[in-house]
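Visitor: give me the fold of what follows.
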Amino acid sequence: MKRNYPEIRIKDAWLLRENASKFLHELWGKDQELADDALMEKRVAEYEAAWKPYEAKIMNGMCEVVGLEFRQNIIDVYIAPWFAAFSDPLVIGIQNDPDTFVDVLTHELLHRLLTDNTSIDFQTGSLAKEWPKLFGEEHEFGVLVHIPVQAIHKHLYLEVLKEPKRLEREIENYKKETSYDPANYLKAWDYIDQHGYKEIIAKLKASYKELAIQ
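Guide: This is a model prediction of the structure:
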């Protein structure tokens, strides 16, 4: 079943670039040129071109498998130098090649779908209480939030896109990561390997249905 999904607008975050990126550049890239308008225009175009062929499959796939729809009808994806990726607001740096950008954007959109959808009001804190019950009280918050995201992403890699090499690349990239500590992501992948992504998604889907009724 085709579901409604928001328009995804990939944009040069020029205000971030003119402000926060300059400070980050001073910390981490003094010996490099800060991305200018021309480079940013090129990067945004590359990211848009990489994303568009995948967009419908990915967006429909993530909504369908967990039975959720995004609350927003437009999601702006802000691209800015020296930023890591995060979901709200959705900001992604320029360090990823265009093909990897597709996977990074998918990851952040999954965070957004799970926390800002038409079934529940995240402001109630319901997920913060629910996910430890589903996946284990012993896990840190950073692991708990990535178990459902990465389980759905595995489903997308294997059953929707049918590109297992993308999954292998993602896990290998985490193992090689040096700019931040990837431990929570890798612990989440270990949990998914032990419990199975299909079982995790089934529990997640049932949980959202129950929360929506309450």
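
Visitor: would you map out the domains in the chain?
Guide: What the record gives for the chain is the domain set 1-99, 119-214, from automatic domain parsing.

Visitor: for the ones you listed, which one sits closest to Arg112?
Guide: The closest of these to Arg112 is domain 1-99. By Cβ to Cβ, the value is 5.0 Å. (Glycine included, C-beta is placed from N, CA and C.)

Visitor: could you pull out the strands for this protein?
Guide: Per DSSP state E, the chain carries strands over the ranges 7-12, 74-79, 86-87, 90-92.

Visitor: now do the contacts for His155.
Guide: By Cβ atoms under 8 Å, 6 or more residues apart in numbering, the contact set of His155 is 61, 65, 197-198, 201.

Visitor: where does this structure dip in pLDDT?
Guide: The model of the chain has pLDDT under 70 over residues 1-2, 27-29, 122-125.

Visitor: for it, what spans make up the helices?
Guide: For the chain, applying DSSP state H gives helices covering 14-18, 20-28, 37-66, 98-115, 126-135, 141-144, 146-155, 164-176, 183-195, 197-213.

Visitor: will you turn these into JSON lines that also has distance to Ile74?
Guide: Converted to JSON lines, these look like this (distance: least, Cβ to Cβ, whole Å):
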{"stretch": "helix 14-18", "distance to Ile74": "18"}
{"stretch": "helix 20-28", "distance to Ile74": "23"}
{"stretch": "helix 37-66", "distance to Ile74": "13"}
{"stretch": "helix 98-115", "distance to Ile74": "12"}
{"stretch": "helix 126-135", "distance to Ile74": "23"}
{"stretch": "helix 141-144", "distance to Ile74": "28"}
{"stretch": "helix 146-155", "distance to Ile74": "21"}
{"stretch": "helix 164-176", "distance to Ile74": "26"}
{"stretch": "helix 183-195", "distance to Ile74": "28"}
{"stretch": "helix 197-213", "distance to Ile74": "23"}
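
Visitor: circling back: and the furthest pair within the contacts of His155?
Guide: The span of the contacts of His155, defined through Cβ to Cβ, is set by Gly61 and Lys198 at 14.0 Å.

Visitor: looking at these two now, which is surrounded by more residues?
Guide: Each of Gly61 and Lys198 has its neighbours counted (other Cβ atoms under 10 Å); Gly61 has more, 19 against 13.

Visitor: ok, and the closest non-adjacent residue to the more buried one?
Guide: Leaving aside its chain neighbours, Gly61 sits nearest to Val160 (3.7 Å; criterion: Cβ to Cβ, 6 or more residues apart in numbering).

Visitor: wait, which of the domains of the chain is closest to His111?
Guide: Closest approach to His111 among the domains of the chain is made by domain 1-99 (3.7 Å; Cβ to Cβ).

Visitor: hmm, back to that, around the residue nearest to Gly61, how many other residues sit close by?
Guide: Look at Val160: counted by other Cβ under 10 Å, it has 17 neighbours.

Visitor: could you pull up the residues touching it?
Guide: Neighbour list for Val160: 57-58, 61 [criterion: Cβ under 8 Å, 6+ apart].
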